[in-house]
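Colleague: need coordinates for the following:
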Amino acid sequence: QNPAFESTEVGRIDSSLRTPGLLFTVSGAAWLFISGLVGLYAMLKLVAPSLLDWVPFLTYGRVKAVAVNALTHGWATNAAFALVLWIMSRLSERAPDFDFRRFLVVPAGVVYNILVTLGILGIFWGEGRPFFLLEMPAELGTGFMMCFLLILVWPILDYCRRKRRSAFISQYYVLGGVFWLVWTFSITQMVIGPEPVAGVVQIIAASWFSHAFVWVWLTPVALATAYYLLPKLLGLPVENYYLSFFGFWCLAFFALWGGTAELVGGPVPLWIQVMGYVCGFLLILPVTSIAINLWHTTFHPKLTSSDDGKTADVQMRRFNVMWSSPTGRFIVTGAVVFPIFGLLCALDSLPHSREALQFTYWQDALFLLGVYGFYSMIAFGGIYFMLPRLLGREWPSANLMISHYKYSVIGIATAAICLFWAGSAQGAAIADTHNDNLAIVKASWMPLLCSLAGFLFILMGQVCFLLNVMRMACGCNTGSSQAKGGPALLNHAEERANA
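Modeller: Down below sits the predicted model:
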């Protein structure tokens, strides 16, 4: 701990968020490991269906739902809670005189993780629902809603009491993500809650929420983190700042309504499907503008001529600065994956693509690329930057951070490529009317087998992250030169100047 730093405004802000930040980070890391372990088993079930087939709660349908919910509602949402609370408090530039957050946010966070545990157990028990990202029993919905309100009201209050009258783009994304999560979840619970509305409205609401959860909750949190940390790591402002606001409003307008594209051919009004096609494809606008904004800020290519004027060299010094930072390495990777994920989603919204790939592993590849390749990589970078400042000490192991990054990148690339391969082969086999069900299964067997290596690497990265987080929480520093030098480059003088 540094008493001189904690007496500053930034130090008081960080110390007020120490307990909730640590709670959400440790909980998220634990859920991430569980999702990786169960997800690897789910992939094994695809290539070896008879594996433990005598255990009822270990069937493929249940374990896949558990892996997805542990990843999204366990890891992703816990990490998002920690990041939005910290970023909005930092940008408000006001430390609380008497902080009620630790008395409301911490109990709400504990209850939230208990509810996630009950939901996971309910899925294992066979009480899950047939809606993607909404498989947990409907009776838990009211409890989740109360937790969301108790946790996410604080970023709004911090924004209202901010020092500056103008707002940063990160604050826009945090406020948007908070509002959209509460709004979409509350509407969905009214439609498919304990007393669901009859008819096809249920599937419309479910597809709307599953799309919105990724695009207007996880995506804004990741972008808020990237826009907040890039200038701090580089010591320079965001390039073409106006593009960030253009991207935000385009995302707000189009991202909410693209989910209904997956209802192609379903018993729903045609205008709902068309709205999903159009809005899903127009995600190209925010994705392109945000990607240009982040890439130009990160890489900032500069063309320099040689002395003779005949040759030129492209220098990207900012990229070298980002790559030397553990936080920057993860954020740069997420920023590179974001346009790939966004453009593939936009193309996947088109009718022809949906008809060919709707019920294939192509959708699993897109989900992995978005939630893990984009969101989680930026969230990792945010946590690697945030946690040392909350706890006042460096990460105990730089080697674990490096291994986490390497395993994650190799695993994501391998798993995503193999799942795209499996989805393409499966779609082609389904389109051939001469193929029976067994031929369709055999068409995707080899890429699914190869994807096991990717999921194993992802699990190894998750183990490295969990070990580092647990050692950080327990204060188990190694005492090595790397730990003393600071793998997260913790610099209290810089914090006082730039926060």
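Colleague: can you pull the poorly scored residue ranges out of the stretch 101-250 of the chain?
Modeller: By pLDDT under 70, the low-scoring segments of the stretch 101-250 of the chain are 101-102.
Colleague: let's see it at 80
Modeller: Low-confidence segments of the stretch 101-250 of the chain, defined by pLDDT under 80: 101-103, 165.
Colleague: show me the strands in it, by range?
Modeller: Secondary structure of the stretch 101-250 of the chain (DSSP state E, counting those that start in this stretch): no strands present.
Colleague: with the stretch 251-400 of the chain instead?
Modeller: Counting by DSSP E, counting those that start in this stretch, the segments of the stretch 251-400 of the chain that form strands are 302-305, 312-315.
Colleague: residue 363 contacts residue 423, doesn't it?
Modeller: Yes. A contact is recorded between residue 363 and residue 423 when judged using C-beta atoms under 8 Å, the distance being 7.2 Å. (C-beta placed from N, C-alpha, C; glycine too.)
Colleague: name the residue closest to the centre of this structure, please.
Modeller: Centroid-nearest residue in the chain, with C-alpha atoms, centre = their mean: residue 375, separated by 3.0 Å.
Colleague: distance of it from residue 396?
Modeller: Taking C-beta to C-beta, to the nearest Å as the criterion, residue 375 is separated from residue 396 by 25 Å.
Colleague: weakest of the strands of the stretch 251-400 of the chain by average pLDDT?
Modeller: By mean pLDDT, the lowest-scoring of the strands of the stretch 251-400 of the chain turns out to be strand 312-315, with a mean of 48.
Colleague: what about the helix ranked longest in the chain, average pLDDT?
Modeller: Secondary structure of the chain per DSSP state H: the longest helix is helix 398-431. Computed over helix 398-431, the mean pLDDT rounds to 94.
Colleague: residues contacting residue 267?
Modeller: With contacts defined as C-beta atoms under 8 Å, 6 or more residues apart in numbering, the neighbours of residue 267 are residue 200.
Colleague: distance of it from residue 219?
Modeller: Counting by C-beta to C-beta, the separation of residue 267 from residue 219 is 30 Å.
Colleague: list residues touching both of residue 363 and residue 423?
Modeller: By C-beta under 8 Å, 6+ apart, the residues touching both residue 363 and residue 423 are residue 357.
Colleague: tell me which of those two has more neighbours.
Modeller: Under the neighbour definition other C-beta atoms under 10 Å, residue 363 and residue 423 were set side by side, and residue 423 has more, 22 against 17.
Colleague: so what's residue 430 closest to, chain neighbours aside?
Modeller: In space, not counting the residues next to it along the chain, residue 430 is nearest to residue 440; the distance is 5.8 Å by C-beta to C-beta, 6 or more residues apart in numbering.
Colleague: thought the one you found was touching residue 428?
Modeller: No. Taking C-beta under 8 Å as the definition, residue 440 is not a contact partner of residue 428, at 9.5 Å.
Colleague: so for those two, which sits in the more crowded spot?
Modeller: Shown here are residue 440 and residue 428; by other C-beta under 10 Å, residue 440 has more neighbours (18 against 15).
Colleague: the more buried one: what's it in contact with?
Modeller: If a contact means C-beta under 8 Å, 6+ apart, then residue 440 has 426, 429, 430 as its contacts.
Colleague: reformat the residues you listed as a markdown table; add distance to residue 56.
Modeller: Below are those laid out as a markdown table (distance: C-beta to C-beta, whole Å):
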| residue | distance to residue 56 |
| --- | --- |
| 426 | 27 |
| 429 | 30 |
| 430 | 29 |
